[in-house]
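Asker: Take a look and give me a structure for this.
(2 chains, ligands or ions: 1)
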Amino acid sequence: MSLPFDGFEISGEPLDIRALAASLTDRTAGALASFEGWVRDHNDGRQVDGLDYEIFAPLALAEGAAILDEARQKYKVNAIRAIHRHGMLAIGDCAVWVGVVSAHRDEAFRACRYVIDEVKHRLPIWKKEHYRDGTAEWVNCQHPGTGQEDHAHGDGHSHGHDPAPAFAESDFYARQIRLPEVGEAGQVKLKAARVLIVGAGGLGSPAGLMLAAAGVGTIGIAEFDTLEASNLHRQVLYAAADVGQPKVEMAAKRLKALNPFIDVKIHAAKADAANLPGLFGQYDLVLDCTDNFTTKYLLADAAVLYGVPVVQASIHRFEGQLLTIDPASDGGCLRCLWPAPPPEGLIGNCAEVGVLGVTPGLFGTLQASEALKIILGLPGILNRHLLIMDALSLETRRIARRRDADCPLCGANPTIHALAKPETAAFELDAAALSPQALARYRIVDLREADERSEHPLPQAFHAPFSRFDAANPAFDASRPVLLVCAAGRRSQSAAQQLRAQGWNDVFSLIGGAKSLAHLFHQAAE
Amino acid sequence: MTLPVRLEYFALLREQRGLGAESVVTSAATARDLYRELALAYGFTLAVDRVRVAINNEFASWDRPLAANDTVVFIPPVAGG
Ligand SMILES: [Zn+2]
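Answerer: Residues are numbered from 1 along each chain as shown, chains lettered A, B, ... in the order given. Okay, the predicted model is just below:
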């Protein structure tokens, strides 16, 4: 019997592969590439005995014909034949067959690949899996291209409403659902997960993008800063036009635009002892994407005190560290490794030492990877290791760690029972409490390096770069009260502490750095 | 008695040492003694109690005696983002 040579079909009968190939080889023009899809014996970790395919025939035939037409237009082929089974199939049965004949093997392979990918993706086919344990389940692993799932609006926290996309949410994740380690069940776990990202900067940008794209159902962003031009080279969530805007708003807008099916919550505040208990109560997992020891220790402590895992990344120039503080494991906490943060100023921050955008890019992506592993229950979580990596040599080390019995937080006799309250030392001044007149009392000393001063310039300031600062022999005197200013308030805090230790009484540090003075100069000029 | 050991420096210590890794022969008995010698030689600004040491991919006590061919990694905390 001679079979029809070209086109898309569905069949309730077992496929005769030899006959199908022969129907095309008669017309061989040089190459035949074919694909056979078989029923396999497992899916999502369960033993499968057989499959029941149900096809909506009118739509499947039309869609199949359209796919073959597209392939004929895209590739130089002589003939294409594709056939999909319906009905009950056993393990090892052929469920789908595609054959392409062309003068050149490259075109044949590519067209064959195109047809099977599109058939898997677009055809209205459902399969019912019959498991070894006697149960059965409809598995919608081949999705009709209809928008059956509408975007349900969140609880009002999300900002920026993009028009609902013209595709189903399941289409979004098709390629990751294909992984047996994810599957439909894993995608449901991702949708149910609530992840808080503290700090929407160099680490939080890639972490937020990857988690939103993966379909994490609820993403919270805690961030209080406004976007500056010098953020853009590493904070890839933002666009140049966002400079001057609140980062948390821009970040939420970007994540919602990327994935309208998820809920994005914004927390426009600096993480502190007052708001962290409430925040930790709303999420299953927290990513520490902050850039300072004070907040890192607060988040690490909150992980243990409130029983919520925290994935922590920190970078220094081209290097970085990554660990998961998991209160349920015996891997211990940040204080098991370093019981207290180092004195300010001993270890430089990004503004001082500089950073290439890809370094936080790598580590923020690793944080997202760690978060997905935790949500999906995959192995290899860093809850009993610290990962260190140098992006230049690409040397990585996974160093084993254990809870320290002497840890002040999670040891046998802990001395820390609550989050540290923010302390404003008497030598720290808040710009919000300063008037232009009050400011005029002080000799302003700018501790920033020469290349930092163009951002929020301080025209009246005396320049004393922190890299050459020596408290025993400072380049300025105490004839007037001194207000020390740097980029973020950390170097000035360190310098003020050192000068006070030398007996200087009238020396102060400006909280928040030079940018917090900008409004005062503006007022003074008016 | 001297032992050959492999040393690695992370972050600030890498900068202060001027390289990331080296092989040395040391007469130090413990990791603590070794760090103190290096701190003196290269002007490390971090005191020993601010740094952690890992020996053969495991965090170790500073008092752990060194063995021949140990890989010793010195790790200060970092906080950039
Ligand atoms: Zn601990």
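
Asker: Please, where are all the helices along chain B?
Answerer: Using DSSP state H, the helices assigned to chain B run over residues B:12-17, B:31-42.

Asker: how about A:Lys253, phi and psi?
Answerer: Phi and psi for A:Lys253, reported as degrees, to the nearest 10, are phi -60, psi -40.

Asker: ok, and what's touching the least confident helix or strand in chain B by mean pLDDT?
Answerer: Lowest on mean pLDDT, DSSP states H and E among the helices and strands of chain B sits helix B:12-17, with a mean of 94. With Cβ atoms under 8 Å, 6 or more residues apart in numbering or on different chains as the test, helix B:12-17 has contacts from A:316-317, A:319, A:346-348, B:9, B:20, B:38, B:42-46, B:51, B:74, B:76, B:78. C-beta here means a position set from N, CA and C on the backbone, and glycine is covered the same way.

Asker: hmm, back to that, please convert the helices of chain B to CSV, extending it with mean neighbour count.
Answerer: Converted to CSV, the helices of chain B look like this (neighbours: other Cβ atoms under 10 Å in any protein chain shown):
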stretch, mean neighbour count
helix B:12-17, 20
helix B:31-42, 17
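
Asker: Which one of those lies nearest to the ion?
Answerer: Nearest to the ion among the helices of chain B is helix B:31-42 (20.6 Å), distances taken as Cβ to the ion.

Asker: So which other helices or strands are in contact with the closest one?
Answerer: Using 3 or more Cβ pairs under 8 Å, 6 or more residues apart in numbering or on different chains; DSSP states H and E, the elements in contact with helix B:31-42 are helix B:12-17, strand B:52-55, strand B:71-75.

Asker: Does the second one reach the ion?
Answerer: Right, the one you point to is strand B:52-55. No. Using Cβ under 5 Å from the ion, strand B:52-55 stays clear of the ion, with a minimum separation of 12.7 Å.

Asker: got the contact list for that strand?
Answerer: Taking Cβ under 8 Å, 6+ apart as the rule, strand B:52-55 contacts A:337-338, A:397, A:399, B:31, B:35, B:59-60, B:62, B:64, B:66, B:70-76.

Asker: and if you look at the last one?
Answerer: Residues lying outside strand B:71-75 but in contact with it, judged by Cβ under 8 Å, 6+ apart, are A:321, A:386, A:388, A:397, A:399, B:5-11, B:13, B:31, B:34-35, B:38, B:51-57, B:66.

Asker: Tell me which residues touch the closest residue to the ion within chain B, please.
Answerer: Taking Cβ to the ion, the ion has its nearest neighbour within chain B at B:Phe59, 12.1 Å off. Shown in contact with B:Phe59 (Cβ under 8 Å, 6+ apart): A:337, A:386, A:399-402, B:52-53.

Asker: From chain B, how far out is the nearest residue to A:Tyr442 once chain neighbours are set aside?
Answerer: Excluding its sequence neighbours, the residue lying closest to A:Tyr442 (Cβ to Cβ, 6 or more residues apart in numbering or on different chains) is A:Leu483, at 3.8 Å. Computed with Cβ to the nearest Cβ, to the nearest Å, the distance linking A:Leu483 and chain B is 25 Å.

Asker: Double-check that A:Leu483 belongs to a helix.
Answerer: No. Counting by DSSP: H, G, I helix; E, B strand; the rest coil, A:Leu483 is not part of a helix but strand.

Asker: What score does it have for pLDDT?
Answerer: We have a pLDDT of 93 for A:Leu483.

Asker: I'd say it and A:Asp446 touch.
Answerer: No. Counting by Cβ atoms under 8 Å, A:Leu483 sits too far from A:Asp446 to count as a contact (9.9 Å).

Asker: remind me which residues of the chain are low pLDDT?
Answerer: This is for chain A. Applying pLDDT under 70 to chain A flags the ranges A:1-5, A:26-28, A:44-45, A:133-164, A:344-345, A:348-352, A:422-425, A:521-526.

Asker: Sorry, I should have been clearer: chain B.
Answerer: Counting by pLDDT under 70, chain B shows no low-confidence range.
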